[in-house]
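**Student:** I need the structure of the sequence given here:
(chains A and B)
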Amino acid sequence: MNTSPSSRGRIAADILAVLARWLLGAVFLYMGLNKALHPVEFLKLVRQYDLVQSSLLLNSIAASLPWFEIYCGLLLLAGMAVRGTAVMLIVMLVPFTIMVYRRALAIQAVMAIPFCAVKFDCGCGAGEEFICRKLLENFLLIVFSGWLLAGYGRKLCIRYSLRSCDATTSLTEENGSNSSI
Amino acid sequence: MMPERRPPVRSVLREALLVAAAGSVLAFGANQVSPRGLALTRNYFPAGISHPAPAAHDVASTNGPTPSPAQLLAMRFKEQGLQSVDGRQAAQLFHAPRFQQGKIVFIDARDQQHYREGHIPGAFEFDPYYPEKYFPTALPVCQAAEQIVVYCNGGDCDDSESAAILLKDVGISNQKLFVYTGGIPDWITNGLPVEVGGRNSGNLRSASK
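**Tutor:** Purely as a prediction, here's the structure:
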């Protein structure tokens, strides 16, 4: 089968985008499960950010966020409402990354250590991590989410978009692309 | 290599809102049916929602020697009408004959896993996040005791404070309640024995200094 360099590049981009979608989905599923299985620990970690002063709000955040992450992870793995889910991931990741950064600065000021030596459990679901590594991870997750939001990663989707016409398009493209992948 | 057929921004946002709405309903539903789910209306932090750990600005604005997290916690206990004990006092209470008579009681305010990994010998388990599970055992013992020493992981752990407040709220006199600020790490550092497994398992482990 002869393929032009541009079509080979496109196929590679398609494969990478699908892998990015699956990776993003798997990360959120894993992180969400870790929190959902230990809700009290997650509640304590959320509390450390001093986000709210109401126990109802604090409990609501700690109770719903893990399951919401699991749900987003499953949507991405299955390839459903991909762009809408990507928006939600960015909406969660950007403020959370800023909060983690600010908390790391506070810890650095108290402990008087280099910024990258700051290590704490940020409530991300992966236990204690060095802050620079955490920020890099979150940056990559935001980039992947942005990539999906830009319209990539639509291969091997059950229903790429909730809009019916897009779904048809997605499936049509899917059928056409399976042979090339 | 731009992807074809970009839907308008409004349509993507509408999809995001749908994802958010459906996800929120599912998330709260999952928490409700999960056996480990959180009770939304319960105040899990009776001592206050704000975390007691010192923030950078607190430390920077303090004149004189910087108080340690344990000292800050001791100050908080005082505000709650609770008393605190240090490692030496906790060891004295542990070795006092009244401990064997059940007049001095140790309460472990950590979760079950940490309790089973090692607790002060004879201490009763009382996880303040699931008080209904532990009240039936711990409450009669606390009512009969003259002194109750509550501990957790030391440092900025305030679960012992939460447990003490819960006990106070159900009628245990705060004159009897003492919070061991150093907690189990301090106990182990002082070379005192810990009991592994359940209460009175007999599986004692001497901690080395």
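
**Student:** Can you tell me the SS state at the closest residue to B:Arg116 other than its chain neighbours?
**Tutor:** Spatially, and ignoring its direct neighbours in sequence, B:Arg116 is nearest to B:Gly197 (5.8 Å; CB to CB, 6 or more residues apart in numbering or on different chains). (Glycine included, C-beta is placed from N, CA and C.) Reduced to three states with DSSP: H, G, I helix; E, B strand; the rest coil, the structure at B:Gly197 is coil.

**Student:** Hmm, B:Gly197 is touching B:Gly118, no?
**Tutor:** No - in this structure, B:Gly197 is not within contact of B:Gly118 by CB atoms under 8 Å, at 9.0 Å.

**Student:** show me where chain A has strands.
**Tutor:** A:119-121, A:128-130 (DSSP state E).

**Student:** can you tell me if the first one touches chain B.
**Tutor:** No - using CB under 8 Å from any CB of the partner chain, strand A:119-121 stays clear of chain B, with a minimum separation of 10.5 Å.

**Student:** Which other helices and strands does that strand contact?
**Tutor:** Other helices and strands packing on strand A:119-121, by 3 or more CB pairs under 8 Å, 6 or more residues apart in numbering or on different chains; DSSP states H and E, are helix A:82-111, strand A:128-130.

**Student:** In it, which residues are buried?
**Tutor:** By 16 or more other CB atoms under 10 Å in any protein chain shown, the buried positions in strand A:119-121 come out as A:Lys119, A:Phe120.

**Student:** Report the rounded mean pLDDT for it.
**Tutor:** Across strand A:119-121, the average pLDDT comes to 92.

**Student:** what pairs with it, and is each one parallel or antiparallel?
**Tutor:** Note on strand A:119-121: by DSSP bridges, its sheet partners are strand A:128-130 (antiparallel).

**Student:** Go through the strand it pairs with and flag the buried ones.
**Tutor:** A:Glu129.

**Student:** now do stretch B:150-159
**Tutor:** For stretch B:150-159, burial by neighbour count (16+ other CB under 10 Å) applies to B:Val150, B:Tyr151, B:Cys152, B:Asn153, B:Gly154, B:Gly155, B:Cys157, B:Asp158, B:Asp159.

**Student:** Keep only those of the residues you listed that are in helices.
**Tutor:** B:Asp159 (DSSP state H).

**Student:** Check what contacts the longest helix anywhere in chain B and list those residues.
**Tutor:** For chain B, the longest helix by residue count, based on DSSP H, is helix B:9-33. Contacts with helix B:9-33, where a contact means CB atoms under 8 Å, 6 or more residues apart in numbering or on different chains, come from A:36, A:39, A:60, A:63-68, A:70-72, A:75, A:81, A:83-85, A:87-88, A:91, A:149, A:161-163, B:37-38, B:40.

**Student:** Now residue 157: closest residue in space that isn't a chain neighbour?
**Tutor:** In the absence of a named chain, this looks at chain A. Nearest non-adjacent residue to A:Cys157, counting by CB to CB, 6+ apart: A:Gly79, 2.9 Å away.

**Student:** meant chain B, my bad for not saying
**Tutor:** B:Gly183 is the one closest to B:Cys157 (CB to CB, 6+ apart), at 6.2 Å.

**Student:** I'd like the distance from stretch A:132-140 to the chain centre, please.
**Tutor:** For stretch A:132-140, the separation from the chain centroid amounts to 12 Å (computed by CA atoms, centre = their mean, to the nearest Å).

**Student:** what about dumping the CA coordinates of stretch A:43-51 to PDB?
**Tutor:** What follows is stretch A:43-51, C-alpha atoms only, in PDB (Å, rounded to 0.1, in the frame of the first residue of the first chain):
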ATOM      1  CA  LEU A  43     -11.300  14.900  52.400                       C
ATOM      2  CA  LYS A  44      -8.400  15.700  54.600                       C
ATOM      3  CA  LEU A  45      -6.200  16.600  51.700                       C
ATOM      4  CA  VAL A  46      -8.800  18.900  50.100                       C
ATOM      5  CA  ARG A  47      -9.200  20.600  53.500                       C
ATOM      6  CA  GLN A  48      -5.500  21.500  53.500                       C
ATOM      7  CA  TYR A  49      -6.200  23.900  50.600                       C
ATOM      8  CA  ASP A  50      -8.500  26.000  52.700                       C
ATOM      9  CA  LEU A  51     -10.900  26.300  49.800                       C
END
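
**Student:** can you map out the strands along chain B?
**Tutor:** According to DSSP E, the strands that chain B contains are B:83-85, B:104-108, B:124-125, B:147-151, B:177-180, B:194-195, B:204-205.

**Student:** Parallel or antiparallel, list what pairs with the second one.
**Tutor:** So the one you mean is strand B:104-108. strand B:124-125 (parallel), strand B:147-151 (parallel).

**Student:** most tightly surrounded among these?
**Tutor:** Of all those, strand B:147-151 carries the top mean neighbour count, a mean of 26, counting by mean count of other CB atoms under 10 Å in any protein chain shown.

**Student:** So what touches it?
**Tutor:** For strand B:147-151, contacts defined as CB under 8 Å, 6+ apart pick out B:85, B:90, B:93, B:98, B:103-109, B:120, B:123, B:126, B:142, B:160-161, B:163-164, B:167, B:172, B:176-180, B:182-184, B:187.
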